[in-house]
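In: sharing a model prediction with you, sequence too.
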Amino acid sequence: MKGTARIVLAAALGLGLIGLASAEGERELQAVNINYEGNNVWTPGTYVVKKGEKVRVKLYNRVKADPNVHGFAIDEFNVKVDVYRDKPETVEFVADKAGLFRIWCHLHPAHLPGQLLV
C-alpha cells in the first residue's frame, strides 16, 4: 500500500505537472496507468500545458490485472491509443485549443478520468 502511494505521489509531482525538459514550444509528459484501491487511473490525473505547445506524452500501462490493455484518449485533440501492459506508447499533438479537456480510457469508460488544462 505504501509503495503504491509513493508511486502515485512521485508521478503526480515529478512527471505530469512539471514535465520534462524540452525545446521551446514543446512539452514532454509521462503518464502511468495503475490500479489504486481497485480503480484504474492514469497518473498524474491533471496535466497543464500552454496553448500552442507541441505535446508529447509517453504512456506506461503498469496495471498487472487483466485486461492487459487500457486506453488513453483526449477527444478534442484526436488522441486515442491502446496501451498494452509493459509496452510503452507515445502520443503527440498540438495544444491548439484553450480549456479543460477530459482524458479517459476509451476501452473502459468506467475507469477514472483525468484532465488536461491548456
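Out: Received it, and whenever you're ready, just let me know what you need. Numbering: from 1, shown residues only.

In: only C-alpha atoms for contact and neighbour calcs from this point on.
Out: OK.

In: residue 30 and residue 66, how far apart?
Out: Distance check for residue 30 against residue 66: by CA to CA, to the nearest Å, it reads 22 Å.

In: so for the two, which residue has more residues nearby?
Out: residue 30 (22 against 8; other CA atoms under 10 Å).

In: and the more buried one, bridged to which residues?
Out: When bridges are assigned using DSSP bridges, the partners listed for residue 30 are residue 58.

In: residue ranges with poor pLDDT in the protein?
Out: When the per-residue scores of the chain are filtered using pLDDT under 70, the ranges that remain are 1-23.

In: what about the strands in it?
Out: Listed in chain order, the strands of the chain (DSSP state E) span 26-36, 39-43, 46-48, 54-61, 69-74, 79-84, 89-94, 100-103, 114-117.

In: so for the residue nearest the centre of the chain, what's the nearest residue that isn't a sequence neighbour?
Out: Nearest to the mean C-alpha position of the chain, by CA atoms, centre = their mean, lies residue 31 at 3.7 Å. Of all residues not flanking residue 31 in the chain, residue 59 sits nearest, at 5.0 Å (CA to CA, 6 or more residues apart in numbering).

In: which ones are touching the one you found?
Out: Residues in contact with residue 59, defined by CA atoms under 8 Å, 6 or more residues apart in numbering, are 30-33, 83, 88-91.

In: just the buried ones from those?
Out: The neighbour-count test (16 or more other CA atoms under 10 Å) marks 30-33, 83 as buried among the contacts of residue 59.

In: and the residues you listed, which is closest to residue 95?
Out: For residue 95, the closest of the buried ones among the contacts of residue 59 turns out to be residue 30, at 16.0 Å, with distances computed as CA to CA.
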